[in-house]
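# Got a sequence here, can you build the structure:
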Amino acid sequence: MDRDEAIQKARTEAEEMYRNGQFLCSEAVFLVANEYLCKPVSDEVVKLASGFPVGMGLAGCACGALTGGVMSLGLKYGRTQAAAPTPGMFEAAKELHARFLARRKSVCCRVLIRKFQMGSPEHIQQCITITGEVAADVIDILSRDDLPSIQSNSNGETNG
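Sure thing, here's the model as predicted:
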């Protein structure tokens, strides 16, 4: 599968997970990214993304798809050892945030859904669309080689 196909597949799969009620925004984005990266972590780790929908547990703050996207980028660019470098992490997260902001003009869930009644078909459709957009952006960023990532050597140590 080429890069464009992987990006489109991510969008479609994340949207379907949300549309079918399987997972919400942050969870769907995370699961799609984990799958794309050949499951570096168990699918059970999706639990970590479960508190982010509707702006962090219904608080209306940062969009759950975006926060799930940043978590997903950590699968490639994040660290597991104290004080280890995180080459590419801040650049990738900033880029994802900038893309989201350019497209939607706000990253605040409360602002993004203010025109809709909570749980209405219009609200749900917008969130499905945003989830797909972020999943596609995440796979686009993860599939590039211009950002450094942490690599494990044969001893399990990381190199930045």
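
# any idea which element the residue minimising distance to the centre of the chain lies in?
Among the residues of the chain, the one closest to the centroid is Gly69, at 1.7 Å (Cα atoms, centre = their mean). Secondary structure from DSSP states H and E places Gly69 in helix 64-77.

# mean confidence score for that helix?
Averaging pLDDT along helix 64-77 yields 98.

# The helix or strand following it packs against which elements?
Going down the chain from helix 64-77, the next helix or strand is helix 89-104, by DSSP H and E. Secondary-structure packing of helix 89-104 (3 or more Cβ pairs under 8 Å, 6 or more residues apart in numbering; DSSP states H and E): helix 64-77, helix 121-142. Placement of C-beta: from N, CA and C, glycine included.

# mind showing which ranges of the chain have poor pLDDT?
Within the chain, the ranges that satisfy pLDDT under 70 run 150-160.

# Count the residues that sit near Gly119.
By other Cβ atoms under 10 Å, 10 other residues sit near Gly119.

# Oops, could you answer that again for Asn20 instead?
By other Cβ under 10 Å, the burial measure for Asn20, its neighbour count, is 10.

# now swap in Ser120 and tell me
12.

# Do me a favour and get the backbone dihedrals for it.
phi -70, psi 160 (degrees, to the nearest 10).

# What's the separation between it and Ile113?
The spacing between Ser120 and Ile113, counted by Cβ to Cβ, to the nearest Å, is 9 Å.

# ditto for Arg99
Between Arg99 and Ile113 the computed distance is 19 Å (Cβ to Cβ).

# likewise Arg104?
Between Arg104 and Ile113 the computed distance is 11 Å (Cβ to Cβ).

# swap in Lys76?
30 Å.

# ditto for Tyr77
As judged by Cβ to Cβ, Tyr77 and Ile113 stand 29 Å apart.

# thinking again about what came up before, could you say what helices and strands the helix holding Gly69 packs with?
Packed next to helix 64-77, using 3+ Cβ pairs under 8 Å, 6+ apart, are helix 25-36, helix 53-56, helix 89-104, helix 121-142.
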